[in-house]
Structure formats: structure tokens, C-alpha cells
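Asks: Fold the following, please.
(4 chains)
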There are 2 protein chains.
Amino acid sequence: MNCGNLGEFCENEAKGVVQSLVLDSEKGELVKASGRVEKKVGKSEGKTIAALKSHSEAERRRRQRINAHLSTLRSLVPSSDKMDKAALLAQVVCQVKQLKETATHVSERFFIPLDSDEIKVETIAENAIDGTCLYRASICCEYRTDLLSDLKETINSLHVNLIKSEISTLGSRVKNVFVFTNLIDGDRANTEARQILLSSIRQAFSSVLDKVSAFSEYSAYPNKRQRISCFDSSSLFR
Amino acid sequence: MNCGNLGEFCENEAKGVVQSLVLDSEKGELVKASGRVEKKVGKSEGKTIAALKSHSEAERRRRQRINAHLSTLRSLVPSSDKMDKAALLAQVVCQVKQLKETATHVSERFFIPLDSDEIKVETIAENAIDGTCLYRASICCEYRTDLLSDLKETINSLHVNLIKSEISTLGSRVKNVFVFTNLIDGDRANTEARQILLSSIRQAFSSVLDKVSAFSEYSAYPNKRQRISCFDSSSLFR
DNA sequence: AGGGACACGTGAACC
DNA sequence: TGGTTCACGTGTCCC
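Replies: Numbers count the residues shown, from 1 in each chain, chains lettered A, B, ... in the order given. As a prediction, this is how the structure comes out:
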């Protein structure tokens, strides 16, 4: 079935003069649109038709692309047959929120790496006597070869006193947690030294993270489904 | 800006006679559409305009609804600014798949209730000597008051030998697992008795589940976000 | 220019 | 019938 049309023309269309009626939404009446009546008279009719045709075909392809994604979403959302587009999208919004919330709950209660790359560095205790601090640094990312040795090297280069390190995996995701104290350094002001340490830890971990991303992000293997972060990158360092 | 138009009419539109050019996509040429030329002459022009207006307004509202959902999806998907609609939907598909997969991994590795209501009843061992069987039955659903006492009553009514029961919660979701054996009943054929027991357990648990749904499903409190099942209902009893 | 993306109004189909 | 949903071609803006 072909519902397409190129507008409704008069017999005198060939002269390039078109008079049209336009619906004025505010006033709700038909209005003669007399502006821009001369319709590019210099252009050949054939070219115009070709352009219009390719335009409508491109638009059809665009619609197909969007609708294809909508129908795979439909297959992902339970009992979404017979839903119209808006209702389907509403359910998808709901489902994504729900799944994210569950994922957050899970990761809070259990020690599980999630799908968001994440680096966290925090001070968890302070020794009032000698001024040393207890830190907790964690990195969550896709596993890759040499990840662990890179992390080990990173920790060593920071000159900290490693107290505990944990590792856990889920699928191809891995999460590492390090607990450590700073080495005592009476020369510098403690607060400043702490800030420097924290930021250098973040920076070092970020390098490790970037190396992971460099391996996976633009590898462009169509078979390897790209992992999507669950959270905004703005929350990476919160 | 008002881009709307009611087609492009000739001066003789008032007579109800319209000649139009139609793009034939297959042949790629303009064709005079001379069929259906008489345009409901009996209808007053005012009515037609009013209908057309309400039609276009309804369509605009529909578009707004869809686009509103798309933009909230955009806020849920990281770095989706500047993505066009198709790309955004592709990312949403990706994210939903990813989150579901993670949820499945998590629930497989840990004993965690998920967002899908689920009843599982299975035979996990069989005693070759006396013909008793070891069963494992689990129910996962939204928590409600009296859920536990209902489940207890259900188990009692089944006349089984309860060996172990576990409960775990995540958010407002709760999962109960019962391990039990059947009571020895030499009268009936064992295989038949087992089937009856399994199906009566499923039925009893289903009643409990239905009671949960009755409370939450159509409560229509707009503040209470409705939970969406992660899986097709077809997988409920797999 | 020329192609992509979007919003628009419209015809058709379904209740 | 009116109301609603969808696909379509088109105008317009932006690169």
C-alpha cells in the first residue's frame, strides 16, 4: 500500500505557483498561506522529485530503526504485547529504575562488583596519637589480563602500608578493595599530605581504569556486547 | 512557529474536487491520483476543519507523551545527551539486557530475592530404601503482613516433614525456601503420590502469591511505584 | 548542497 | 460515530 503523496497540487503547479491553506492552531481556522509562493522555479521538476523521494525513503529507514528497537524492548518487557508505544516506554522506564535500584541494594548489602566502573577512595579512621590514617580504596571494572599485577604495582608505588586486600568477581566484572594506612611522614602538614595521598591514589587507579577502557571500549567487535554503566560518570568519585 | 497544513488545495477546493500527485515508491515517479476525487461533499467545511484540528491536537499530545518518556529514559542512561532517538533506544535495550543478566548472575551466586515473583518446587533427592523424597520449595514475592504466617499455615496443611526453612529479604522483596520430605504413605504408588504432592505445593504457594498480588497490583496508589517482573511469566514455573 | 534528525498534519484502521 | 494509534511524506533546521 502506498499512502505517500507529494502534497496536493493544482493543475498550475508546473508554473511553480502554489496556493496553500494552513491550519492556524491558535485561532483554529484555515488561513491562506500566501507567503513564499514562488517555489524555486529555477529547479527542474525531476530533481525535486528525486530529492523528495530520497528524503521520504530516509525517513522511512529512520522510522524502521526506531521501531526495531521498540520491538526488541517489547520482547524484553513482560506482557507488553498490546501496549502502545507510550505505555511500553513507560514500562521500560519503570523497569530500568527498578533494576538499577535492585542492583544498588545488592551492591550495598553484598560485596559484589557491578556494571559501573567505579573508583572510591575514602578515609575510614584516624589515629589521634601518631596522625596516621586508615584508608579504603576500591576499584570496580572489567577484568583484563595484568589487571591484578598493575594494581599491585600501583599500590606499591604509593608507599602505603597495605593492611588488607580483597577481590571479588561477578561474570567478567571484578572489584578490588584495599585497606591501608599512610606511612608516617612528620615533615609535612598531615592534612595536606593526606589530600595529596588521596588524589594520587585516585589518579593511579584512574590510570588502571583507563587502561581497561582502552582495551574494551573501542575494540569494535560486534559480537562483544558493550557494557553499559549503570550510573552517571559524575558519580564515579562521589 | 506553525508548520501545520491541511494539504495544499487549489482554488476549486470549495467544490470538493481535489486533484493530487502521488509518489509511487516502486516506480519512483509522480502519478495523478484520480481515484476518490469526490471528497464527502455532503459534509460542511466547518466540521471537517474541527475534526482535523482535534485530530492534529491529539496526535501532538501523543507525540509529547512518547517524547516525555524518551527524555526520562535519557536521564536514566549515562552520557545519552546528543544521542538521537534510535541510538538512545539501542542503549536502553543494551542496559536492560545488561541489568537483567547481572541480576540473574547475582541471584544465582547469592541467595537473594529478585523482582520477579517466582515459585519453584523441585525434588532434590530420593531415598532408595524407604521411598521418601527430599524437596525444595521456594517462593519469592513482595513482602506483606501475614505472609509468613500464611506460608507457615500452608506448609502445615501439606503434611510434610519440614527440615529447614530460610528467609531473606532485599528491599521490600522476600524469598522463602523450604526443604522438606514427604510423609511416608505406603498405600499409594510413590510416583503418583509425588506428583500430587508437588502440584499441591505449587497450588498452595500460588494462592499465597495471588494474595500478595491482590494487595499490591491494583492498589492504584500513584506514589507506590509498581514493581515490574524481570522475567516472562512463562518462566514462573520452569 | 545534500543528508540526518525532528515535529508536524494527515489518511487509514481499529474500537 | 468520535477517539486513539500508527505509518507516512513533508517542512525545517543543522551540519
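
Asks: low pLDDT regions in chain A?
Replies: Per-residue confidence of chain A (counting by pLDDT under 70) places the weak regions at A:1-43, A:106-112, A:127-129, A:169, A:171, A:184-190, A:212-238.

Asks: Find the closest residue to DNA strand C in it.
Replies: Using C-beta to the nearest atom of the strand, the single residue of chain A nearest to DNA strand C is A:A58, 3.9 Å away. All C-beta atoms are positioned from the backbone trio N, CA, C, and that covers glycine.

Asks: Give me the neighbour count for that residue.
Replies: Burial measure for A:A58: 10 neighbouring residues, criterion other C-beta atoms under 10 Å in any protein chain shown.

Asks: for the helix or strand it falls within, packing partners?
Replies: Assigned by DSSP states H and E, A:A58 belongs to helix A:45-76. Counting contacts by 3 or more C-beta pairs under 8 Å, 6 or more residues apart in numbering or on different chains; DSSP states H and E, the secondary-structure elements packed against helix A:45-76 are helix A:85-109, strand B:20-24, helix B:85-109.

Asks: Kindly reformat the ones you listed as TSV and extend each row with distance to DNA strand C and mean neighbour count.
Replies: Compiled in TSV, the helices and strands packed on helix A:45-76 are given as follows (distance: least, C-beta to the nearest atom of the strand, whole Å; neighbours: other C-beta atoms under 10 Å in any protein chain shown):
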stretch	distance to DNA strand C	mean neighbour count
helix A:85-109	13	19
strand B:20-24	9	18
helix B:85-109	4	19
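
Asks: a helix runs through A:M83, doesn't it?
Replies: No: the assignment for A:M83, made by DSSP: H, G, I helix; E, B strand; the rest coil, is coil rather than a helix.

Asks: Chain neighbours aside, what residue packs nearest to it?
Replies: A:Q91 (6.9 Å; C-beta to C-beta, 6 or more residues apart in numbering or on different chains).

Asks: Nearest residue to A:R173 in space, ignoring adjacent ones along the chain?
Replies: A:P113 (4.1 Å).

Asks: nearest to B:T48, of the helices and strands packed on helix A:45-76?
Replies: With C-beta to C-beta as the criterion, B:T48 lies closest to strand B:20-24 of the helices and strands packed on helix A:45-76, at 16.4 Å.

Asks: burial measure for A:L198, as a count.
Replies: Residues contacting A:L198 under the criterion other C-beta under 10 Å number 17.

Asks: for it, helix, strand, or coil?
Replies: Look at A:L198: counting by three-state DSSP, its state is helix.

Asks: Provide a list of residues in contact with it.
Replies: Residues in contact with A:L198 (C-beta atoms under 8 Å, 6 or more residues apart in numbering or on different chains) are A:121, A:123, A:135.

Asks: how close does it sit to A:S44?
Replies: Using C-beta to C-beta, to the nearest Å, one gets 69 Å for the distance from A:L198 to A:S44.
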